[in-house]
Each structure stands twice: as structure tokens, then as C-alpha cells.
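Trainee: Predicted model follows, preceded by the sequence.
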Amino acid sequence: MFAIEPLAAIAGLETRYLSRKVAGRVLVQDVSVQVSAGEILAIVGPSGAGKSSFLRLLNRLDEPTSGTVLLKSQDFRSISPQELRRRIGMVMQTAYLFPGTIAANVAFGPFQRGQMLAPVQVERLLERVGLPGLADRDVSNLSGGEAQRVALARTLANEPEVLLLDEPTSALDDASVRGIEELILGIVRERRMTCLIVTHNRAQAARLAERTMVMQAGRLVAIGPTGEILHVG
Ligand SMILES: Nc1ncnc2c1ncn2[C@@H]1O[C@H](COP(=O)(O)OP(=O)(O)OP(=O)(O)O)[C@@H](O)[C@H]1O
Ligand SMILES: [Mg+2]
């Protein structure tokens with residue numbers, strides 16, 4: 001019933017038998033999946049199933065012990081880690097912002113590569129994430145929802161092709177969740193990004209993702225249309 005789907009014409013991101021073992025312990029085992037440009041894939045599964053471990057392999061925060069990742073058909077081992085992390089952006093459950101202004105945080109990625117974002121470019125990104133006019137505000141007293149918006153803007157400043165989201169709304173109050181979901185949907189559509197989102201929230205998976213994959217004990221055990229996989233929507 002949950003057969004692996006046919007190959008997408010152009011996979012924005014593809015994994016082949018991706019695995020990671022640490023000290024004989026399997027974190028991720030033989031995960032092969034294709035995600036198209038413009039698609040949002042939800043990743044669900046019990047705590048400890050390896051969802052975060054899987055995401056961390058995709059931009060080489062961790063090194064696979066076997067298997068590989070193709071970014072628009074290119075083997076990621078032939079892309080430098082810095083370039084890979086520019087092209088594959090990540091937003092985690094809690095935004096790790098640097099002390100300072102919102103603008104400095106948003107401009108950080110390009111700055112690291114020797115590019116200065118103009119104030120108007122920073123403002124455009126802040127408008128896109130619903131924080132217009134807040135460039136000079138200090139990040140120290142933002143709400144959780146605002147901090148996630150800054151984290152998204154900071155990632156978008158790198159113009160990534162792939163967006164990895166690890167439970168991006170699970171630390172937020174209900175009122176902030178829908179706003180962040182709308183942002184994710186809009187941005188992925190506009191930029192035709194490839195998006196993988198880990199979530200514990202089935203309704204969220206149904207709202208955001210056409211397809212969902214289920215992980216258990218490091219393995220991909222099911223993948224298909226979200227409604228069929230989760231019996232929601
Ligand atoms: N660096 C590591 N070394 C050894 N084991 C690890 C490491 N990182 C994670 N693990 C273990 O790997 C397994 C998978 O962890 P992971 O964090 O990927 O799960 P998860 O599906 O994201 O869970 P959750 O839903 O709780 O976030 C867990 O048993 C965890 O304890
Ligand atoms: Mg996790």
C-alpha cells in the first residue's frame with residue numbers, strides 16, 4: 001500500500017541509501033527519497049526515530065556513513081560544505097540568533113561570504129516575513145514567533161534552493177503557528193524551493209505537505225500522499 005513513489009522528473013533533492021551509524025548504533029538506515037522543486041515533504045515518526053538525524057545529513061551537519069545526497073542531480077560530496085549550507089537552509093525548533101540587531105542577523109550569511117546586504121534588501125526580507133521596519137531592533141526580547149521569522153529571513157538571505165525545517169513551530173503558541181505556516185507555504189511556492197519539514201503535528205503536515213514520509217528506528221517505513229499516510233485532511 002505504501003510503495004515508494006515513482007521518480008520525480010527533476011528532484012530538487014534526492015537521497016540514496018542514506019545511512020549514519022555512530023558507535024555501532026543505527027541513527028539513519030538506507031533512506032532513499034526524492035523531493036521535487038516546489039514540493040513540501042513532511043517527515044513524521046516517533047521520538048528517536050531519526051528524523052532530526054536524517055535532516056542533519058542533508059546539509060552535512062553530520063556525515064553519512066554510507067549513501068549520498070543529490071542536490072539537483074549533483075552529488076553533494078562534490079559541493080563544498082559552505083556552498084552546500086548556503087544552498088540548503090535550515091530552521092530549527094528554536095531560533096539561535098546572535099546577540100545584536102535583527103538586521104545583523106539577517107545579513108549574517110551573505111556577510112560571511114564577503115557580501116554586504118543593502119538596508120533595502122534587509123528590509124525586503126523583513127517585509128516578506130512580516131516584520132517590516134524592525135531592522136534595528138535588538139533580538140534579545142523577541143517573542144518566539146518573531147524570532148522564528150528572523151530565523152527564516154536569515155535563511156532566505158542566502159537564497160537557498162532547499163529549506164529544512166525541524167519542528168519549526170513546536171515551541172510556539174497556537175496563535176503564531178498558523179502565521180509561520182502561511183509564510184512557509186508562500187515562500188516555498190514563490191521561490192519554488194524544495195522543502196522538508198519534520199513535525200509531530202499531523203494537522204500541520206496535512207496543511208503544508210502533499211506527501212508525508214514516516215520514519216521508524218532510522219528507516220523510511222512509509223511514504224505517500226499525506227491524507228493516506230496520516231488519515232487526516
Ligand atoms: N550524535 C549522536 N550520537 C549517538 N546517538 C545519537 C546522536 N544524535 C542522536 N542520537 C540518537 O539517535 C536516535 C535518533 O535521534 P533523532 O534526534 O534523530 O530522533 P528524532 O526522530 O528527531 O526524535 P524527536 O522527535 O524526539 O526529535 C535517538 O535514539 C538519539 O538518542
Ligand atoms: Mg528531532
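Mentor: Sure, I can see it. Numbers count the residues shown, from 1 in each chain. Ligands and ions are numbered 1, 2, ... in the order given.
Trainee: Compute the first-to-last residue distance for stretch 101-117.
Mentor: End-to-end span of stretch 101-117 (Cα to Cα, to the nearest Å): 14 Å.
Trainee: Could you list the residues in contact with it?
Mentor: 82, 86, 97-98, 119, 122, 125-126, 131, 134-139, 142, 150, 153-155, 157-158 (Cβ atoms under 8 Å, 6 or more residues apart in numbering). Every C-beta, even on glycine, is put in place using the N, C-alpha and C of the backbone.
Trainee: What are the neighbouring residues in contact with the closest residue in space to V26 that isn't next to it in sequence?
Mentor: Excluding its sequence neighbours, the residue lying closest to V26 (Cβ to Cβ, 6 or more residues apart in numbering) is G218, at 4.8 Å. Residues in contact with G218 (Cβ under 8 Å, 6+ apart) are 19, 26-29, 31, 49-50, 53.
Trainee: phi, psi of M116?
Mentor: phi -100, psi 120 (degrees, to the nearest 10).
Trainee: Mind checking which of the contacts of stretch 101-117 are buried?
Mentor: 86, 97, 122, 125-126, 131, 134-135, 137, 139, 142, 150, 153-155, 157-158 (16 or more other Cβ atoms under 10 Å).
Trainee: Now, these that are in strands?
Mentor: Secondary structure defined by DSSP state E assigns none of these to strands.
Trainee: Which of these fall within helices?
Mentor: 86, 122, 125-126, 150, 153-155 (DSSP state H).
Trainee: what's the farthest-apart pair in these?
Mentor: Pairwise distances across these (Cβ to Cβ) peak at 20.0 Å, for the pair R86 and L126.
Trainee: Show me the strands in the chain, by range?
Mentor: Counting by DSSP E, the strands of the chain are 11-22, 25-36, 40-44, 66-71, 74-75, 88-91, 162-166, 194-198, 211-216, 219-225.
Trainee: Columns distance to ligand 1 and mean neighbour count on top of those strands, output as CSV?
Mentor: CSV is the format used below for the strands of the chain (distance: least, Cβ to the nearest ligand atom, whole Å; neighbours: other Cβ atoms under 10 Å):
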stretch, distance to ligand 1, mean neighbour count
strand 11-22, 4, 19
strand 25-36, 4, 19
strand 40-44, 8, 25
strand 66-71, 16, 17
strand 74-75, 23, 12
strand 88-91, 13, 23
strand 162-166, 7, 24
strand 194-198, 7, 26
strand 211-216, 6, 22
strand 219-225, 12, 18
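Trainee: Quick check: the residue most central in space within the chain vs V120, distance?
Mentor: For the chain, the residue nearest the mean C-alpha position is L164 (1.2 Å; Cα atoms, centre = their mean). For L164, the distance to V120 equals 28 Å [Cβ to Cβ, to the nearest Å].
Trainee: residues in the protein within reach of ligand 1, list them.
Mentor: Taking Cβ under 6 Å from any ligand atom as the criterion, the chain approaches ligand 1 at residues 22, 25, 27, 45, 47-53.
Trainee: Just the buried ones from those?
Mentor: 27, 45, 49-53.
Trainee: show me where pLDDT drops low in the protein?
Mentor: Applying pLDDT under 70 to the chain picks out residues 1-9, 233.
Trainee: Please repeat the previous calculation with a cut-off of 90.
Mentor: 1-11, 96, 174-175, 231-233 (pLDDT under 90).
Trainee: what's the longest helix in it?
Mentor: The chain, longest helix under DSSP H: helix 174-191.
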